[in-house]
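> Attaching a predicted model along with its sequence, questions to come.
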Amino acid sequence: MDTTRESNIVVKEKDKELGTKWYAVYTRPRFEKQVLKSLQDQGIEAYLPIIKTMRQWSDRKKMVEVPLFTSYVFVHINRIFYDQVLQTHGAVKYISFEGKAATIPASQIDNLKIIVDSNEKIETTWESRQKGDLVEVVAGSLKGLKGELITDGNRKKVLVRIQGIDQNLTVEVHSSLIEKIREG
C-alpha cells in the first residue's frame, strides 16, 4: 500500500473518531481569502481552492490568483466549531439542503486538491451532464484523480462533481493517462 493511501485511511479513521466533516460555507462577495485566514487563525481547518487566470484590463494583461468557486470556503469541523465558523467576519451561512448543512465527502475535497495542484486548465460548469464511465487518472500531474469520463469532440475530459455546492469541474486529460475503474 502506498503512503498516500495509508495516510488517507488514517485521516478518515480520525475523522470518524472526532466526528469531523467537510462543509461549504458561503461568504460575502470577495471575502473568501479573508474568511480563510480568519478561520485558520482560529485553528479551524479550512480550504480555499485557488487557480491562476489571465485578467484583461484596458491597459494590460496580468496573471492573478482567484478562488475556483466564488463565495465558497470549505471547512473541516466537528459540531463544536459549527457555530464558531458562522461568527467569522465575512462568513454568511452554510450551504444547505432541506434546512440541513450539506456535507461534502472527503474524497471530493481530495479531488479538488489534486486538480488545483496540477495547474491544468480547469473549467467550472453548473449544467447536469450525462453520466459516463468512472475513471481514474493513472499518470501525470493529475494521478489519483477519480471522476466521470466525458468527451468534448476529440478531447477527453474528466468530470468531477462537488456535491454539496452543485458544481462540476472538468479537466482535459490525454486518453492514454486514463483507466476505467472496475466495479466489483
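Okay, I see it.
> give me the element the residue of the chain most remote from its centre is part of.
Residue farthest from the centre of the chain, counting by CA atoms, centre = their mean, is D59 at 33.5 Å. Assigned by DSSP states H and E, D59 belongs to no helix or strand.
> From here on, call the first residue 524.
All set: I'll call the first residue 524, so the last point we hit is now D582.
> phi, psi of it?
Taking degrees, to the nearest 10, you get phi -110, psi -10 for the backbone angles of D582.
> pLDDT wise, what is it at?
pLDDT for D582: 88.
> Specify the local secondary structure of V558.
Counting by DSSP: H, G, I helix; E, B strand; the rest coil, the backbone at V558 sits in helix.
> Let me see the contact set for the residue lying closest to it once chain neighbours are set aside.
Excluding the flanking residues, the one nearest V558 by CB to CB, 6 or more residues apart in numbering is G613, at 4.4 Å. C-beta coordinates here come from the backbone N, C-alpha and C atoms, glycine included. Residues counted as contacts of G613 (CB atoms under 8 Å, 6 or more residues apart in numbering) are T550, R551, F554, Q557, V558, S561.
> Wait, the fifth one touches A614, no?
Right, V558. Yes: V558 lies in contact with A614 (CB atoms under 8 Å); the separation is 5.4 Å.
> Mutual contacts of those two, please.
Taking CB under 8 Å, 6+ apart as the contact rule, V558 and A614 both touch V548, T550, V596.
> what secondary structure does the residue sitting nearest the centre point of the chain sit in?
Residue closest to the average C-alpha location in the chain (CA atoms, centre = their mean): L635, at 3.3 Å. Following three-state DSSP, L635 is assigned to helix.
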